[in-house]
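[1] Any chance you can model this:
(4 chains)
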There are 2 protein chains.
Amino acid sequence: MKFSEFRKLRALSSESICAGMLADNRDRIRIKKDDVAVKNLTRIMDGVLELSARKGFSAMSLRDLSRETGLSMGALYSYFAGKDELLDMIQRQGTKVVGELLAEAASRPAPPRDRLREVVYTHLYLSEMLQSWFYFSFMEAKGLGREQLKKAIETELYTESIIEEILSDGARSGDFASIDVPMTSAAVKALLQDWYLKRWKYSGRGVTVEQYARFMIDLVESYILKKRRKVPARPAAPVRRKK
Amino acid sequence: MKFSEFRKLRALSSESICAGMLADNRDRIRIKKDDVAVKNLTRIMDGVLELSARKGFSAMSLRDLSRETGLSMGALYSYFAGKDELLDMIQRQGTKVVGELLAEAASRPAPPRDRLREVVYTHLYLSEMLQSWFYFSFMEAKGLGREQLKKAIETELYTESIIEEILSDGARSGDFASIDVPMTSAAVKALLQDWYLKRWKYSGRGVTVEQYARFMIDLVESYILKKRRKVPARPAAPVRRKK
DNA sequence: GTCTATATAACGATAGAC
DNA sequence: GTCTATCGTTATATAGAC
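    Predicted coordinates for the structure are as follows:
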């Protein structure tokens, strides 16, 4: 699927995310009118992502944010209780949206090879649409509180577990060669992340997300589809995890 | 080469780096005795790397650093002119050391395949020895001034250009298949980076740097050494979505 | 007029700097 | 230790919609 089609199918704008953010924090946000609240939450989130990308969340002052959004200091505090909570709110809502869409993509029944492609494409397209959020999420994870940090690590491992499951299925069914599933999953994850962490590089080279996706699939498939001399004597793939 | 051998060959400790740091900033550092200066510079750098890993450089106060190093606020300012310069100093010295060792590894004449392995191993072993510096360098790059930031980007691209050169040589000589050199280099770089960015993950799984290196080489070589007979079962199998 | 959303201004704490 | 700037935060005042 082309990125342009994907983009139209998913209602994934800052606004749609902030609408969810409002719904989930309806009691804390002191603004009554939904349309006003969503509009300003969007300005706030976009401002945070922009300023954080430039100098980091903790180096961004709320006065910077006030200037960037055009809202006063007092107004800002009608939308969140404090700077820490602002970070949590943005992280939580993005994680939720991304997790749901990824889980949906992985759940579609298909042969392992197609499922892997589907997950790779979905992840790349999602991170293309929400690049600034993905970047923010990676760079500012350590600023989270203990609870939220645990959640963030779980999410990192969750993405990988989706890939692991597909690779395990493929190895078991014989679609894939006998590979080290956790290591291969980690590599896939690393390549997925590079797309949004190094966006400046790929933009500068004029690489599109479709080109990156195709390259990534080629690279990974050349490894997992290669013919191994070792014929799997055992039906179960001998992939072991170290403790 | 085993990591333990590599480690012994290279004199790469915090102290050795800080000795270079002292030499390069001899005029700015107000401490006269070299041994005292190196000892405290080491405490300072290790403290910065530790605290920054925990909550980020800009969230680390110099009072945190004072407590961590056991030096007073006044003493700290004998070693650097300000917080910004402290960041620059650490970035610059690490970049210098790593760049030199990497260039040396890439310059050894050998067939492309061996040179690629050499660079991959060297980078992984270096980042294993200086993991906290590599992590710091990646996460805190945006805090640099414009000049230093340019340098940092150049360094990122320099590593990649080393890999590109090897891949180009190999493609030209026929050792490697006809591949997209910039994209493949970027992927190699991404996999190299994952080792120090996700160290917590690999440590938790008991993966050693040798195991990671072997896996990485396998993955990359399966792509660049593959026979390019165009026999795709499905020509360009698009990812189909069910509606 | 009343309620909602925003703006102003000031507080205490803490930052970098010397 | 000290100084000053600036941080996050909040109490309070004001403007605008119906």
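[2] can you dump the C-alpha coordinates of whichever strand or helix holds A:Q193 into PDB?
    Assigning secondary structure by DSSP states H and E places A:Q193 in helix A:181-197. Only the C-alpha atoms of helix A:181-197 are listed here, as PDB (Å, rounded to 0.1, in the frame of the first residue of the first chain):
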ATOM      1  CA  VAL A 181      14.300 -14.800  16.700                       C
ATOM      2  CA  PRO A 182      15.000 -12.300  19.400                       C
ATOM      3  CA  MET A 183      18.100 -10.900  17.700                       C
ATOM      4  CA  THR A 184      16.400 -10.600  14.400                       C
ATOM      5  CA  SER A 185      13.400  -8.900  16.000                       C
ATOM      6  CA  ALA A 186      15.700  -6.500  17.700                       C
ATOM      7  CA  ALA A 187      17.400  -5.700  14.400                       C
ATOM      8  CA  VAL A 188      14.000  -5.100  12.700                       C
ATOM      9  CA  LYS A 189      13.100  -2.800  15.500                       C
ATOM     10  CA  ALA A 190      16.400  -0.900  15.200                       C
ATOM     11  CA  LEU A 191      15.900  -0.400  11.500                       C
ATOM     12  CA  LEU A 192      12.300   0.800  12.100                       C
ATOM     13  CA  GLN A 193      13.600   3.300  14.600                       C
ATOM     14  CA  ASP A 194      16.300   4.600  12.400                       C
ATOM     15  CA  TRP A 195      13.700   6.000  10.000                       C
ATOM     16  CA  TYR A 196      12.300   8.400  12.600                       C
ATOM     17  CA  LEU A 197      15.500   9.000  14.500                       C
END
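[3] Can you confirm whether that helix lies near chain B?
    Yes - interface with chain B: helix A:181-197 contributes A:P182, A:M183, A:T184, A:A186, A:A187, A:K189, A:A190, A:L191, A:Q193, A:D194 (CB under 8 Å from any CB of the partner chain). Every C-beta, even on glycine, is put in place using the N, C-alpha and C of the backbone.
[4] angle of the longest helix along chain A against helix A:181-197?
    Secondary structure of chain A per DSSP state H: the longest helix is helix A:146-173. Using axes from the mean of the first three to the mean of the last three CA atoms, to 10 degrees, the inter-axis angle of helix A:146-173 relative to helix A:181-197 is 120 degrees.
[5] any weak-confidence spans in chain A?
    Counting by pLDDT under 70, chain A shows low-confidence ranges at A:227-243.
[6] Quick one: name the residues of it near DNA strand D.
    Neighbours of DNA strand D within chain A, by CB under 7 Å from any atom of the strand: A:M60, A:S61, A:L62, A:R63, A:D64, A:M73, A:G74, A:Y77, A:A81, A:G82, A:K83, A:D84.
[7] Which parts of chain A are helices?
    Counting by DSSP H, the helices of chain A are A:3-9, A:14-24, A:34-55, A:62-69, A:73-76, A:83-107, A:112-129, A:131-139, A:146-173, A:181-197, A:199-205, A:209-224.
[8] what's the neighbour count on whatever residue of chain A ends up closest to DNA strand C?
    Nearest residue of chain A to DNA strand C, counting by CB to the nearest atom of the strand: A:G74, 2.7 Å away. By the measure other CB atoms under 10 Å in any protein chain shown, the count of residues near A:G74 is 8.
[9] which ones are touching it?
    A:G74 makes no contacts at all, as judged by CB atoms under 8 Å, 6 or more residues apart in numbering or on different chains.
[10] and chain A, which residues reach DNA strand C?
    Counting by CB under 7 Å from any atom of the strand, the residues of chain A near DNA strand C are A:30-33, A:36-37, A:40, A:70-75, A:78.
[11] still on that earlier bit, reformat the residues of helix A:181-197 next to chain B into CSV and put neighbour count next to each item.
    Formatted as CSV, those follow (neighbours: other CB atoms under 10 Å in any protein chain shown):
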residue, neighbour count
A:P182, 22
A:M183, 22
A:T184, 22
A:A186, 24
A:A187, 24
A:K189, 21
A:A190, 20
A:L191, 22
A:Q193, 22
A:D194, 21
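[12] would you turn those into a markdown table with distance to A:L9?
    Output for the residues of helix A:181-197 next to chain B, formatted as a markdown table (distance: CB to CB, whole Å):
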| residue | distance to A:L9 |
| --- | --- |
| A:P182 | 32 |
| A:M183 | 33 |
| A:T184 | 29 |
| A:A186 | 29 |
| A:A187 | 29 |
| A:K189 | 24 |
| A:A190 | 27 |
| A:L191 | 24 |
| A:Q193 | 24 |
| A:D194 | 25 |
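[13] and of those residues, the nearest to A:G20?
    A:Q193 (23.8 Å; CB to CB).
[14] thinking again about what came up before, between helix A:131-139 and the longest helix of chain A, find me the angle.
    Going by the same axes, to 10 degrees, helix A:146-173 makes 100 degrees with helix A:131-139.
[15] mind listing what's buried in helix A:146-173?
    A:148, A:151-152, A:155-156, A:159-160, A:162-171 (16 or more other CB atoms under 10 Å in any protein chain shown).
[16] got it, and stretch A:64-75?
    The neighbour-count check on stretch A:64-75 (16+ other CB under 10 Å) flags A:D64, A:L65, A:S66, A:E68, A:T69, A:L71 as buried.
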